[in-house]
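Trainee: Requesting a structural model of the entry that follows:
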Amino acid sequence: MGFYRDVPKPHCWPPPTDARSIQSLIQYAKDRDPRGDKIHIAFACLFMACLPLATAPASISMTALVILFLLRIPVVWRTVMPVFISKAYLAMLAWAACSTLSILWSSDQTMGLDHASSMWFMAILLPPLIWPVIDRWKWLVGGFLFGVLVQNCVQIGQFVMPLLDAPYNEFFPEPKSRNRPAGLTSHPGNSTIFMACAAMTWLLISIKIPKLKFISWVGLSLSVFGIVIAQSRGVWLGFTLSMLLLVVLLVKNKTLSIKRVGWIGLFVIVLSAASSSVVFNNITKRIKDIPIAFDAIAHGEEIKSGTYVRIKWWKTTFEQSFESPFVKNVLVGHGLGSSGHVRCTGTTQSASHPHNAFVQILYEC
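Mentor: The predicted structure follows:
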């Protein structure tokens, strides 16, 4: 049989929906090709570790995972069949197809193709790539947390280098904004999204696995510190709301006591306050900028402010989502990638998207 072992082939059509049959399909791929299975989990963990770092390592590791998956198709095609009939996957497939089709009438087809490629890779291609080793999800989560830890270390290095009057180097590259170190990625918002996910994961680990409490609290501390000093206001809001929802669910399921909620909340608040103290002036300025921008827009004034520009983009993009022809723009949108061509009065700046997923979807799709 060469690399493969001769094992009984499980029933795969129609694709099963019960957990035991689905697990048997995953076990079949593991028993049929044990060497390939070990390589597959290694490549999958590598991708999960590279995902929080930057676009280049994530793309390279995913390309390697795609090549391995193609080589393993004779073994894993039965295993991934349940993915293709799941309602969640079919919904994502329909959304990606409709969004891609809208490129035909987009005012920026190049940007539309760029957005579509990301959508197809992450939402459509990734689930079947990961599914053959999904039963080792703890390894995948571990790879992700390791990647975030590396990002946290680089971010701390970027923060410390100017304090030591030391030059940046290949290990600690100069951040796009010295006031908002974000690690290896050039966009603070991207890295802090992953840090927020890691923080909630570390919290769950500290609750469910007491023997890992020390390392989980260290990981939680680093993630919260990274979220604060990168100063992404959208992630601050999302992280706060998500943590509150997570705690409510844990209390409702009697996984977490009210007393522990108090201690965890106190820890996060103290840690956030301590972290913000090192970039207090920048954080204060960014928070004060919000009401000033809203007030300027309400009174028809024009000011130089990042928040002002964002709100103007959102307002203009929202209004143009309902412009004539009304039926076409409301039902099918302006086309994927077209929001980068929205121009706002009072500012000459533009971006590839309005930094608001809801407004962007309303306008484009």
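
Trainee: Mind jotting down where the helices sit in the stretch 1-150 of the chain?
Mentor: 19-32, 34-50, 55-71, 73-76, 81-84, 87-101, 109-119, 126-130, 137-163 (DSSP state H, counting those that start in this stretch).

Trainee: Could you give me the buried positions within the longest one?
Mentor: Read it as helix 137-163. Residues of helix 137-163 classed as buried under the neighbour-count rule (16 or more other Cβ atoms under 10 Å) are 140-152, 154-159, 161. Just so you know, the C-beta spots here come from the backbone N, C-alpha and C atoms, and that holds for glycine as well.

Trainee: Would you mind giving the helices of the stretch 1-150 of the chain as TSV with distance to K288 and mean pLDDT added?
Mentor: What follows is these, written out as TSV (distance: least, Cβ to Cβ, whole Å; pLDDT from 0 to 100):
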stretch	distance to K288	mean pLDDT
helix 19-32	52	89
helix 34-50	37	95
helix 55-71	33	93
helix 73-76	54	92
helix 81-84	48	90
helix 87-101	37	93
helix 109-119	33	89
helix 126-130	40	94
helix 137-163	23	91
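
Trainee: Out of these, flag the one nearest G335.
Mentor: helix 109-119 (6.2 Å; Cβ to Cβ).

Trainee: counting contacts, what elements does that closest one pack onto?
Mentor: Helix 109-119 sits against helix 87-101, with contacts defined as 3 or more Cβ pairs under 8 Å, 6 or more residues apart in numbering; DSSP states H and E.

Trainee: Give me the residues contacting the helix it packs on.
Mentor: V83, H115, A116, M119, W120, A123, I124, P127, L336, E364, C365 (Cβ atoms under 8 Å, 6 or more residues apart in numbering).

Trainee: can you check stretch 274-281 too?
Mentor: Under Cβ under 8 Å, 6+ apart, the answer for stretch 274-281 is F159, N179, V224, F225, V228, I229, Q231, I283.

Trainee: Now for H299, how many residues are close by?
Mentor: 7 (other Cβ atoms under 10 Å).

Trainee: my bad, should have said K328
Mentor: Neighbour tally, K328, other Cβ under 10 Å: 12.

Trainee: What are the buried residues along the one helix or strand it maps to?
Mentor: Secondary structure assignment for K328, by DSSP states H and E: helix 326-331. Within helix 326-331, the residues scored as buried using 16+ other Cβ under 10 Å are N329.

Trainee: orientation of the helix or strand following it relative to helix 87-101 in degrees?
Mentor: The helix or strand immediately downstream of helix 326-331 is helix 357-364, counting by DSSP H and E. With axes from the mean of the first three to the mean of the last three Cα atoms, to 10 degrees defining the directions, helix 357-364 sits at 50 degrees from helix 87-101.

Trainee: List of residues touching helix 357-364?
Mentor: 99, 102, 106, 313-314, 317-318, 320-321, 333-339, 342, 353-354.

Trainee: Now with 7 Å, please.
Mentor: 102, 314, 317-318, 320-321, 333-336, 338-339, 353-354 (Cβ atoms under 7 Å, 6 or more residues apart in numbering).

Trainee: How about stretch 148-155?
Mentor: So stretch 148-155 is contacted by 52-53, 172, 181-184, 191, 194-195, 198, 219, 222-223, 226 (Cβ under 7 Å, 6+ apart).

Trainee: which one among those residues gets closest to S206?
Mentor: So of those, ranked by how close each gets to S206 (Cβ to Cβ), first place is G219, at 8.8 Å.

Trainee: For the contacts of stretch 274-281, which two are the farthest from each other?
Mentor: Counting by Cβ to Cβ, the most remote pair of the contacts of stretch 274-281 is N179 and V224, 18.6 Å apart.
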